[in-house]
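Chemist: Sequence and predicted structure below; questions after.
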Amino acid sequence: MQRNGFINLDDLISALRVDPKLRQNLLDSFGINITQFFRDPQMWDILAKEILPALLSEFKSLRIWSAGCSIGKEPYSLAALLYQFAPQGTHIIIATDIDETALTQAKKGEYPASDVKEIPPIYRPLFSVQNGLLVVPPTLKKFVKFQYLNLLSDPYPQGIHLLVCRNLLIYFRPEVKPRIFQGFAQSLVRGGVLFLGASEVLLNPSLYGFAPLQFGFYHKVL
């Protein structure tokens, strides 16, 4: 209300009903864009050393979905992994979020130079620091396609080999999570992998055709 000069709540509600841009601004303000490169490094080690090599040996060209990508650090971390394994591959990372402001920032691929400390030393040479900014180069950007997606209402990408949804589902009501997990299961190909955050657990994975691989990782078996 203060940001847009509304005196009372009724005026704000009336404006929201007719102004799509104002609605999106309100929606963006609800987002919790807490993110970092290679968040929970030990889980990224498992992804790099075990999960990703197995997927590449089976599928060659990967379709990866980063759901709730925020300002882009997660999909660019995935791009760094792919570049290390197969720089000439035709892989694609579909990076989605509901926050359009965050998506705009993600597409730029520019972050404070101090964020380089979040990146493990082995991957730091893939990025550059210019004029006080950590810059994602075209060699990594080529893998990533950013787009708006609402997990509660929009169609999910299909033919996915690795679905990364980390530290997002904890913000959803329990009654909607089964529908999301069912959508994830339909999005993944048989043999694909779901990668969740350290604070998230998929209860009864067999209900959705999943089997546990390791902590945080689930294999699509049906």
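Modeler: Structure's in. What do you need?

Chemist: which helix is the longest one in the protein?
Modeler: helix 73-85 (DSSP state H).

Chemist: buried ones in that one?
Modeler: Neighbour-count burial for helix 73-85, counted by 16 or more other Cβ atoms under 10 Å, picks out 73, 74, 75, 76, 77, 78, 79, 80, 81, 82, 83. In short, each C-beta sits where N, CA and C put it, glycine included.

Chemist: How about stretch 57-66?
Modeler: Buried residues in stretch 57-66 (16+ other Cβ under 10 Å): 59, 62, 63, 64, 65, 66.

Chemist: for residue 93, helix, strand, or coil?
Modeler: Secondary structure assignment for residue 93 (DSSP: H, G, I helix; E, B strand; the rest coil): strand.

Chemist: hang on, it packs against residue 64?
Modeler: Yes: at 4.6 Å, residue 93 and residue 64 qualify as touching, with contact defined as Cβ atoms under 8 Å.

Chemist: Now the common contact residues for the two.
Modeler: 75, 78, 82 (Cβ atoms under 8 Å, 6 or more residues apart in numbering).

Chemist: for the protein, what helix or strand is lowest in average pLDDT?
Modeler: helix 20-30 (a mean of 75; mean pLDDT, DSSP states H and E).

Chemist: residues making contact with the helix or strand following it?
Modeler: Going down the chain from helix 20-30, the next helix or strand is helix 41-46, by DSSP states H and E. With contacts defined as Cβ under 8 Å, 6+ apart, helix 41-46 is touched by 38, 77, 81, 120, 195, 198, 214, 215, 216, 217.

Chemist: Check those against residue 135 and report the nearest one.
Modeler: residue 77 (14.9 Å; Cβ to Cβ).

Chemist: which residues does residue 161 contact?
Modeler: Counting by Cβ under 8 Å, 6+ apart, the residues that residue 161 touches are 55, 59, 62, 63, 64, 188, 189, 191, 192, 193.

Chemist: if we can go back for a sec, take the contacts of helix 41-46 and keep only those in strands.
Modeler: 195, 214, 217 (DSSP state E).
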